[in-house]
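A.B. asks: Give the three-dimensional model of this entry:
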Amino acid sequence: MRTAFSRREFLEAAAAAAGIAAAGVPSVPAVGADANPACLEGGKSGGAVTRIRKIYLAKPVPTWPKPNLDVSAEMRRIDGILAGMAERFDGIRFEGGDLFRAMDGSDVPESAAALGNPDGLLVFNLTSTVGASLRRLAALGPPTVLFSQPYSGHEWSAVAGLQAAGHRILCLATSDFGEIPGACRLVRTIHRLRNTRIIHISNGPFNADRAARIRERFGATVVSVLPDRVNAAYKAVSEDAAVAEMHEWKSGAERVVEPSDRTIADAGRLYLALRRIMDEEHAQAVTIDCLALFAAKVLPAYPCLAFAKLNDLGLTGVCEADMDSTLTQLILTYAFGVPGFVSDPVIDTSNNTVIHAHCVSATRMDGPSGPRAPYIIRSHLEDDKGASLQVRMRIGQVITTAKLVNLDTMLISTGTITDTPDVDRGCRTKITTKVADARKVLRHYSGGLHRVIAYGDRTAAIEDLATLMGLNVVREC
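C.D. replies: Prediction:
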């Protein structure tokens with residue numbers, strides 16, 4: 001089985017859609033169907049359209065790559081290539097097509113506003129000696145992607161310095177135009193985060209200072225919801241709708257072990273209640289202090305099935321009110337069109353593995369339109385109550401582990417799934433992953449317990465995204 005992704009493949013994967021247009025709770029689709037109730041405008045991938053300004057750079061009289069370069073013809077050629085990939089730019093609109101040629105960059109506008117305040121820039125250096133223009137563009141502020149094909153210019157050599165100076169610029173030094181859609185998807189990820197609303201459900205409001213920091217850093221808004229509202233929405237769901245959810249879950253399961261039909265229906269009812277609240281708040285994500293609220297009997301059911309279904313649909317549901325993991329999963333879903341599996345890692349240095357375990361898992365780890373993994377309906381393991389899933393993920397699959405910490409650093413690593421243990425210890429869904437150095441993970445572990453797992457080796461693309469977002473990256477192994 002082929003399990004690794006080339007750079008082009010994971011950049012292409014970044015262009016995958018996370019869902020489709022809005023739908024109200026009365027028409028909630030079957031488990032696993034493609035739908036995104038919170039994305040109320042824009043393309044299939046949801047959210048407002050991302051506007052990327054296209055810019056060309058060339059010196060007045062070309063020398064490198066050749067003195068007789070027809071700059072206008074080169075621009076038309078590139079425009080044609082981009083037009084031929086139009087279906088891979090879902091949710092993205094190119095604007096402009098400006099050509100700047102002054103050697104000192106003086107024809108480059110002095111502000112992003114003069115360019116229409118785009119969400120990002122896509123720059124092509126057609127000749128050498130356009131460094132002044134590139135520096136001015138990088139200083140404007142929007143995340144910038146430089147596509148520097150071989151035999152164009154030498155400005156790729158200046159990008160590392162621009163990054164070190166704090167500019168949010170990424171360079172694609174490649175002959176493969178097919179890398180552009182994925183890089184533009186990274187720009188769109190930043191834009192979508194700015195328009196994201198996250199529901200936080202706990203006994204009290206989310207910390208105001210932290211909410212302000214999240215909004216300042218990423219643009220995302222945290223909406224505090226108290227249990228009373230959840231319970232009211234839960235009671236408003238019809239019995240027929242809850243039972244339909246129960247039958248939908250059971251019809252796809254290999255078997256049901258502990259939960260009764262009533263328990264599964266209650267889990268389905270909670271899903272529909274959360275969908276209603278997300279729809280009302282135009283939210284893309286929800287995280288709940290589920291263990292504490294359920295133990296206190298103020299949450300009517302465990303949200304494990306609800307989160308699994310939300311994640312299958314391209315939305316984000318994360319347990320334990322873990323905002324760092326919620327933001328991490330949103331980033332992965334926006335960038336790559338795949339859900340995250342929030343886990344409690346278990347390190348085993350004897351065989352160089354890390355086991356990831358939790359009672360919440362998507363069944364469509366390849367994304368909403370991907371295949372469904374086999375699953376068993378179980379109870380929540382730690383108290384043998386409620387309903388959750390034991391999902392058997394794909395053996396041999398390369399995975400990425402990620403975690404945003406302190407709102408400024410992304411921890412990343414990779415591994416390969418070697419087993420899906422079926423033992424009565426740990427949470428219901430478990431994957432054993434072979435890693436490069438389990439002892440290194442153990443020695444330097446930080447950032448809280450949880451990690452977020454996604455299918456595929458996404459590490460290079462995450463590093464690119466971190467550059468555009470101004471994040472630090474730490475490889476855990």
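A.B. asks: where do the strands sit along the stretch 1-150 of the chain?
C.D. replies: Secondary structure of the stretch 1-150 of the chain by DSSP state E, counting those that start in this stretch: the strands cover 50-57, 92-100, 120-125, 144-147.
A.B. asks: Adding mean pLDDT and distance to Thr189, write those strands out as CSV.
C.D. replies: The way it works is simple: take the backbone N, C-alpha and C, and place the C-beta from them, glycine included. Putting these into CSV (pLDDT from 0 to 100; distance: least, Cβ to Cβ, whole Å) gives the following:
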stretch, mean pLDDT, distance to Thr189
strand 50-57, 98, 9
strand 92-100, 98, 11
strand 120-125, 98, 10
strand 144-147, 98, 13
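A.B. asks: Any chance of CSV for the ones you listed, columns mean neighbour count and distance to Ile264?
C.D. replies: Below are the strands of the stretch 1-150 of the chain laid out as CSV (neighbours: other Cβ atoms under 10 Å; distance: least, Cβ to Cβ, whole Å):
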stretch, mean neighbour count, distance to Ile264
strand 50-57, 24, 39
strand 92-100, 17, 40
strand 120-125, 24, 44
strand 144-147, 24, 46
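A.B. asks: Could you dump these into TSV with distance to Pro109 added?
C.D. replies: Rendered in TSV, the data for those read as follows (distance: least, Cβ to Cβ, whole Å):
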stretch	distance to Pro109
strand 50-57	10
strand 92-100	9
strand 120-125	11
strand 144-147	14
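A.B. asks: Of all the ones you listed, which one comes closest to Gln284?
C.D. replies: In terms of Cβ to Cβ, the element of those nearest to Gln284 is strand 50-57, at 15.0 Å.
A.B. asks: Can you dump the C-alpha atoms of the closest one in PDB for me?
C.D. replies: The C-alpha coordinates for strand 50-57 follow below in PDB (Å, rounded to 0.1, in the frame of the first residue of the first chain):
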ATOM      1  CA  THR A  50     -10.800  34.300  -0.800                       C
ATOM      2  CA  ARG A  51      -9.500  37.100  -3.000                       C
ATOM      3  CA  ILE A  52      -5.900  36.600  -4.200                       C
ATOM      4  CA  ARG A  53      -4.200  39.300  -6.200                       C
ATOM      5  CA  LYS A  54      -2.100  38.100  -9.100                       C
ATOM      6  CA  ILE A  55       1.000  40.000  -9.800                       C
ATOM      7  CA  TYR A  56       3.800  39.800 -12.400                       C
ATOM      8  CA  LEU A  57       7.300  41.200 -12.000                       C
END
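A.B. asks: Tell me which residues touch Ala295, please.
C.D. replies: Asp383 (Cβ atoms under 8 Å, 6 or more residues apart in numbering).
A.B. asks: no no, Ala265
C.D. replies: Glu239, Ala242, Val243, Glu245, Met246.
A.B. asks: His358: which of those is nearest?
C.D. replies: Of all the contacts of Ala265, His358 sits closest to Glu245, with 21.3 Å by Cβ to Cβ.
A.B. asks: Work out for me the element the closest residue to that closest one other than its chain neighbours sits within.
C.D. replies: The shortest distance from Glu245 to any residue that is not its chain neighbour, by Cβ to Cβ, 6 or more residues apart in numbering, is 2.5 Å, and that residue is Gly268. When elements are assigned from DSSP states H and E, Gly268 belongs to helix 261-281.
A.B. asks: Off-centre distance for the very next helix or strand once past that helix?
C.D. replies: Next helix or strand after helix 261-281 toward the C-terminus (DSSP H and E): strand 285-288. Taking Cα atoms, centre = their mean, to the nearest Å, one finds strand 285-288 lying 15 Å from the centre of the chain it belongs to.
A.B. asks: Can you show me the CA trace of strand 285-288 as PDB?
C.D. replies: The C-alpha atoms that make up strand 285-288 are tabulated as PDB, following Å, rounded to 0.1, in the frame of the first residue of the first chain:
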ATOM      1  CA  ALA A 285     -16.700  24.400  15.200                       C
ATOM      2  CA  VAL A 286     -17.800  23.300  18.700                       C
ATOM      3  CA  THR A 287     -15.900  22.100  21.700                       C
ATOM      4  CA  ILE A 288     -17.500  21.000  25.000                       C
END
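A.B. asks: what's the average pLDDT for whichever helix or strand comes after it?
C.D. replies: Sequence-wise, the next helix or strand downstream of strand 285-288 (DSSP H and E) is helix 290-295. The pLDDT scores in helix 290-295 average 96.
A.B. asks: same deal with stretch 422-436?
C.D. replies: Here the mean pLDDT over stretch 422-436 is 95, rounded to a whole number.
A.B. asks: For the helix holding Gly268, buried residues please.
C.D. replies: Along helix 261-281, these residues count as buried under the neighbour rule (16 or more other Cβ atoms under 10 Å): 263-281.
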